[in-house]
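Enquirer: quick one: sequence and predicted model below, then my questions.
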Amino acid sequence: MTVHEGFGNRALLWIIAILGLLVIYAPPLYLLAISFNPALQPSLPSLSALSLDWYMALPREKALIGALQQSLLIAFATAVFATALSLLAALAYVELRFGRTSWFLLVLLPMFVPGVVQGLALSAVFSRLGVKASMITLISGHLLWAMPFAFIVILTSFAAVRQNFLLAAADLGANRWRQFVDVTLPLIRPGLVSAFIFSFLLSLNEFTRAFYLSGRQNTLPVVLFSKMNSGASPVIYAMSGAIFIASVLMVAALALYNLLGRRAPVLEAQ
């Protein structure tokens, strides 16, 4: 392969990647843009017509603010449980000598179940058990959705834990618990933070499972859906834009944290 052919292939891959990203991010960016339109119709505003009117009106939307508070609380609880359980699942995978593939597929199985099917199934099970729809049922449904992703993120971070590190700690007298606390945990901390934020965002934006499991504890996506069906108000575009901006900032902060986490050991070594 010549140099020109290699450059052409890389350029083609970059073009395809950029086009894919444009397709993915065009809808939320459009939604963000129209949230600054002072008009009632959802259209792109001119630069001279940009307005924060609908963002200023958000605090007066009690239903949206209440749903946002519920969603934040549920997302936080989901992220805590998903991160903790996924860490245990990842530790079990690392320690297993037989059946690793089966364990891996078992943990990932909820990822491949459609949200409508999973939400309906959980609703039927809870109803059969006499459990009323509440925050607990919502967290349960969101946990099944978020845990496989958190598991993959944490399991990937275990690549930084080398066996010779643990053997060296054992030679110095560290038991299994001290090896985990002093060696494993610091090395996988970026993965734990990533899993927490990933689970938080997945729960915050989850609709299909929440639709069947929410009961009176309406989450923000459910309330936004109902408001869209009853006649869209420009305020919901402002709320969607605010959530999008917050999500982007959280992911950017996570990327910066991981970057600084990788550079720290190099700087210490120098």
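Expert: Happy to help now that I have it. The model shown is predicted, which means the values in this text are computed figures rather than measured ones.

Enquirer: strands along this protein, start to end?
Expert: For the chain, applying DSSP state E gives no strands.

Enquirer: just give me the residue closest to the centre of it.
Expert: F198 (2.7 Å; CA atoms, centre = their mean).

Enquirer: my guess is that one contacts I152. True?
Expert: No - with contact defined as CB atoms under 8 Å, F198 and I152 do not form a contacting pair (9.3 Å). (Glycine included, C-beta is placed from N, CA and C.)

Enquirer: low pLDDT regions in the stretch 151-270 of the chain?
Expert: 217, 229-232, 258, 261-270 (pLDDT under 70).

Enquirer: and the closest residue to E61 other than its chain neighbours, how many neighbours?
Expert: Nearest non-adjacent residue to E61, counting by CB to CB, 6 or more residues apart in numbering: V235, 5.4 Å away. The number of residues packed near V235 is 19, by other CB atoms under 10 Å.

Enquirer: quick one, what contacts V235?
Expert: 54, 57-58, 61, 64 (CB atoms under 8 Å, 6 or more residues apart in numbering).

Enquirer: possible to save the residues you listed as JSON lines with pLDDT and distance to T208?
Expert: Formatted as JSON lines, these follow (pLDDT from 0 to 100; distance: CB to CB, whole Å):
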{"residue": "W54", "pLDDT": "79", "distance to T208": "27"}
{"residue": "A57", "pLDDT": "79", "distance to T208": "29"}
{"residue": "L58", "pLDDT": "81", "distance to T208": "25"}
{"residue": "E61", "pLDDT": "80", "distance to T208": "24"}
{"residue": "L64", "pLDDT": "83", "distance to T208": "20"}
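
Enquirer: among those residues, which lie within helices?
Expert: Judged by DSSP state H, helices contain the following of these: 54, 64.

Enquirer: now a ChimeraX select for only the buried ones of the contacts of V235.
Expert: This is how ChimeraX selects the buried members of the contacts of V235, with burial counted by 16 or more other CB atoms under 10 Å:
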select :54,58,61,64
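
Enquirer: quick check, nearest of the contacts of V235 to L32?
Expert: W54 (11.8 Å; CB to CB).

Enquirer: how close does the residue lying closest to the closest one once chain neighbours are set aside get to L32?
Expert: If the residues on either side of it in the chain are set aside, W54 comes closest to A238, at 3.8 Å by CB to CB, 6+ apart. Distance, A238 to L32, by CB to CB, to the nearest Å: 10 Å.

Enquirer: which of those two has more neighbours?
Expert: A238 (24 against 19).

Enquirer: how far away is the residue nearest to E61 from S102?
Expert: Distance from V235 to S102, by CB to CB: 49 Å.

Enquirer: repeat for T219
Expert: For T219, the distance to S102 - CB to CB - is 34 Å.

Enquirer: more neighbours: those two, which one.
Expert: Here T219 and S102 are set side by side on neighbour count (other CB under 10 Å), and the busier one is T219, at 29 against 10.

Enquirer: tell me the contacts of the more buried one?
Expert: When contacts are counted by CB under 8 Å, 6+ apart, T219 touches 67, 70-71, 74, 138, 206-207, 210.

Enquirer: looking at those, which is nearest N175?
Expert: I74 (37.5 Å).

Enquirer: need the contact list for the closest residue in space to that closest one that isn't next to it in sequence.
Expert: By the measure of CB to CB, 6+ apart, the closest residue to I74 outside its immediate chain neighbours is L138, 5.3 Å from it. Residues counted as contacts of L138 (CB under 8 Å, 6+ apart) are 74, 209-210, 213-214, 217, 219.
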